[in-house]
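Asks: Got a predicted structure here, sequence first:
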Amino acid sequence: MAAPSPTTTAAAAAAATTHHRVLLPSARPRAAPSSLRLPLRAQPHAHAHAQRARLAAPVAAAAPAPAASTASPESPASGAVAGKPTVLVAEKLGAAGLALLREFANVDCSYGLSPEDLRAKISLCDALIVRSGTKVGRDVFEASGGRLRVVGRAGVGIDNVDLAAATEHGCLVVNAPTANTVAAAEHGIALLTAMARNIAQADASLKAGKWQRNKYVGVSLVGKTLAILGFGKVGSEVARRAKGLGMHVIAHDPYASADRARAIGVELVSMEEAMTTADFISLHMPLTPATDKMLNDEAFAKMKKGVRIINVARGGVIDEEALVRALDSGVVAQAALDVFTKEPPAADNKLVLHGNVTVTPHLGASTVEAQEGVAIEIAEAVIGALKGELAASAVNAPMVPAEVLSELAPFVVLAEKLGRLAVQLVAGGGGIKSVKVTYASARAPDDLDTRLLRAMITKGLIEPISSVFVNLVNADFTAKQRGVRITEERILLDGSPETPIDYIQVQIANVESKFPSAISETGEITVEGRVKDGVPHLTKVGAFQVDVSLEGSLILCRQVDQPGMIGSVGSVLGEENVNVSFMSVGRIAPRKHAVMAIGVDEEPSKGTLTKIGEIPAIEEFVFLKL
Ligand SMILES: NC(=O)C1=CN([C@@H]2O[C@H](COP(=O)(O)OP(=O)(O)OC[C@H]3O[C@@H](n4cnc5c(N)ncnc54)[C@H](O)[C@@H]3O)[C@@H](O)[C@H]2O)C=CC1
Ligand SMILES: O=C(O)C(=O)COP(=O)(O)O
């Protein structure tokens, strides 16, 4: 057996790794073309091959849920239609969104489930839709038993969803990022103005029979400085409106574009400047480990005495105890809060009961218009994801624009098949640690997004040797978890960049092969392929050039190059009624060694394979499922 002699060092491969362009959802991409589906469905491994065999599309279409398991016993969808996926809607969703969902799926609207009930139901569901009131933790993904493919957050903030656990379980998380922006911004302005003029307190006083005109003298907004923390969608809409009220608006956001701020007439400043100069501070950043308790004792200590705080973001971005202290000391004159660390807050929550605090029960997104919009936005995203399309609002998967997807479609198939072939050539299979992928292309490196291809190669490499279902969501995680290091290299070709990729090569280093001829001169198992007329072809195995279309299954034989070999193998297959779709012989020199690649439509029996092995000139051979 040829001893692998790897020459690709990890350092060299890492140095050559392509730097991926991160595609941000700045412009909402068009829906993915229906021909390109992504395999979001987790499925028992036993079904995997059968399912894949049926797939003509580049990546697996999400098959409908098995009929027997679609109906939840206590679900309103007890008239569930067999074969349709089941969507659990765990919080109130607008009617238009529900109608869309019902056209496509069995919809179980079960509001106010306890965590135990949610865990009990989730293994019967393909998708789950929540708002901010449902915690979707690791326990939920574990309880789903691999069936849950999509979590839809009918709103923006996804801090109630454990994204790491979702990713590890190959579950896509989508949100509805745009439909409630204006509602949240309007609520921020409502709180700002209501707080400045003591509307809530004065209303309560008058209703209690009092007439306290002197007690409720407010403060004016015009000419005051408003600092917006988090200059994203909501923050910028608040800024526009505050400018209309005559306020001087500044913003702090480490990731915001200065151009966008300039266009709205807002100055981007440091956190320090925002803290020290603002009369009003309005919070619009997401709750993340970095923003958790961002307004704490230290931050309040820097603020101008008498500052007023508005929070329509998340309760957790404020240290609530610190805010109580700042209110009591007079550093903060007033606060207006829509969100709380714990929702609903405890009955004795000091902020809720504080006389200088105006509160609402997380109403930022609660307008008729926003809720209809959010419901439609999330229903479309969840349906698309269940169909296997890449969602524009995917939170834990790369977003690849539709035009890139359609261009890469045949290469996506090629990538998975090369991964699948390469791993089947490894003797033993399990000990893969180092995989190098080379893309030869005339495209500039930043004009070729290879994340999808890398994910599909990973899928091809890992699925045949494990029970893990790999998709675009969990590919990188799965490779890392299994200790497989995938490095990518680009070969820049001269010529027309019209075709995105000339060839893809997959190499596995530091392993032995059950078909030693697959090991190249440099010591790695090497397979290389191209797309010809839209069809993926295997064009190189080890050092041997071949040309066989990657459909059905493949037999690779190494033989002494001599007349009659094709006939001998062909007649063994013919006797067993195995149809040969393709044959190609690659040789180093005439009458020396050659590798024959034979594409077959049916899987040959063990007996047939034994007969091929017994042909005297055949030195080694391997049967590979594509
Ligand atoms: N009260 C309610 O009902 C609603 C609340 N929200 C909350 O508002 C948040 C913002 O929503 P969008 O504007 O739609 O999101 P967005 O993603 O468009 O904007 C968030 C902005 O915060 C910035 N940011 C991140 N870390 C920061 C930091 N450390 N300091 C300053 N800025 C930081 C980001 O760069 C981004 O520009 C959501 O995450 C959600 O929690 C959103 C809608 C309704
Ligand atoms: O969209 C958001 O982030 C919100 O906070 C809105 O939450 P809700 O859907 O009203 O529970």
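Replies: Arrived safely, thanks for sending. Ligands and ions are numbered 1, 2, ... in the order given.
Asks: What's the local residue count around residue 435?
Replies: Neighbourhood size, residue 435 [other Cβ atoms under 10 Å]: 27. No exception for glycine: its C-beta is placed from N, CA and C like everyone else's.
Asks: for it, which residues make a bridge with it?
Replies: Beta-bridge partners of residue 435, counted by DSSP bridges, are residue 486, residue 508.
Asks: ok, it touching residue 489?
Replies: No - using Cβ atoms under 8 Å, residue 435 is not in contact with residue 489; the gap is 11.3 Å.
Asks: any idea how far the one helix or strand residue 440 maps to is from the chain center?
Replies: In this structure, residue 440 is located in strand 434-441 according to DSSP states H and E. Centroid displacement of strand 434-441 relative to its chain, using Cα atoms, centre = their mean, to the nearest Å, is 23 Å.
Asks: Can you give me the end-to-end span of stretch 107-117?
Replies: 17 Å (Cα to Cα, to the nearest Å).
Asks: Check which residues of that stretch are buried.
Replies: Using 16 or more other Cβ atoms under 10 Å as the test for burial, stretch 107-117 gives 107-110, 113.
Asks: and the residues you listed as TSV, adding secondary structure, distance to ligand 2 and pLDDT?
Replies: Formatted as TSV, these follow (DSSP: H, G, I helix; E, B strand; the rest coil; distance: Cβ to the nearest ligand atom, whole Å; pLDDT from 0 to 100):
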residue	secondary structure	distance to ligand 2	pLDDT
107	strand	18	98
108	strand	19	97
109	strand	15	98
110	coil	16	97
113	coil	15	97
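Asks: would you list those in a markdown table and tack on distance to residue 462?
Replies: Output for the buried residues of stretch 107-117, formatted as a markdown table (distance: Cβ to Cβ, whole Å):
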| residue | distance to residue 462 |
| --- | --- |
| 107 | 34 |
| 108 | 33 |
| 109 | 37 |
| 110 | 35 |
| 113 | 34 |
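Asks: After the helix or strand residue 243 falls within, heading C-terminal, what element do we hit next?
Replies: Per DSSP H and E: residue 243 is located in helix 233-244. Using DSSP H and E, the helix or strand that follows helix 233-244 in sequence is strand 248-252.
Asks: And that next one, how far out from the chain middle?
Replies: Remark: strand 248-252 is offset 33 Å from the chain centroid, using Cα atoms, centre = their mean.
Asks: buried stuff in the helix or strand following that strand?
Replies: Later in the chain than strand 248-252, the nearest helix or strand by DSSP H and E is helix 258-264. Neighbour counts over helix 258-264 (16+ other Cβ under 10 Å) mark residue 261 as buried.
Asks: could you measure the residue of the stretch 451-600 of the chain found nearest ligand 2 against residue 434, distance?
Replies: Of all residues in the stretch 451-600 of the chain, residue 473 sits closest to ligand 2, at 21.6 Å by Cβ to the nearest ligand atom. Distance of residue 473 to residue 434, given as Cβ to Cβ, to the nearest Å: 24 Å.
Asks: same question, residue 242
Replies: 55 Å.
Asks: Show me which residues of this protein sit near ligand 2.
Replies: When proximity is defined as Cβ under 6 Å from any ligand atom, the chain approaches ligand 2 at 131-133, 154-157, 180, 362, 364-366.
Asks: For the residues you listed, which entry has the maximal number of neighbours?
Replies: Within those, neighbour counts (other Cβ under 10 Å) peak at residue 154, which reaches 30 neighbours.
Asks: surely that residue meets residue 374?
Replies: Yes - contact criterion Cβ under 8 Å: residue 154 and residue 374 qualify, at 5.0 Å.
Asks: Now list whatever residues contact both of these two.
Replies: 97, 176 (Cβ atoms under 8 Å, 6 or more residues apart in numbering).
Asks: Might you name the residue of the protein sitting closest to ligand 2?
Replies: Counting by Cβ to the nearest ligand atom, the chain gets nearest ligand 2 through residue 155, at 2.6 Å.
Asks: so who does that residue touch?
Replies: Contacts of residue 155 (Cβ under 8 Å, 6+ apart): 131-132, 175-176, 180, 365, 374.
Asks: and which of the residues you listed is nearest to residue 516?
Replies: Proximity of those to residue 516 (Cβ to Cβ) peaks at residue 175, which lies at 50.4 Å.
Asks: Spit out the contact partners of the closest residue to the closest one other than its chain neighbours.
Replies: In space, and not counting its chain neighbours, residue 175 is closest to residue 153: 4.2 Å by Cβ to Cβ, 6 or more residues apart in numbering. By Cβ under 8 Å, 6+ apart, the contact list for residue 153 reads 129-131, 160-161, 173-176, 378, 395.
Asks: what's the helix or strand for the spatially most central residue of the chain?
Replies: For the chain, residue 397 is the residue whose C-alpha lies nearest the centre (Cα atoms, centre = their mean; 1.6 Å). According to DSSP H and E, residue 397 maps onto no helix or strand at all.
Asks: Surely it and residue 390 touch.
Replies: Yes - under the criterion of Cβ under 8 Å, residue 397 makes contact with residue 390 at 7.1 Å.
Asks: Identify the contacts common to those two.
Replies: Residues touching both residue 397 and residue 390 by Cβ under 8 Å, 6+ apart: residue 472.
Asks: Between the two ends of stretch 128-142, what distance do you get?
Replies: Per Cα to Cα, stretch 128-142 runs 14 Å from first to last residue.
Asks: Out of the contacts of residue 153, list just those in strands.
Replies: Among the contacts of residue 153, the subset assigned to strands under DSSP state E consists of 129-130, 173-175.
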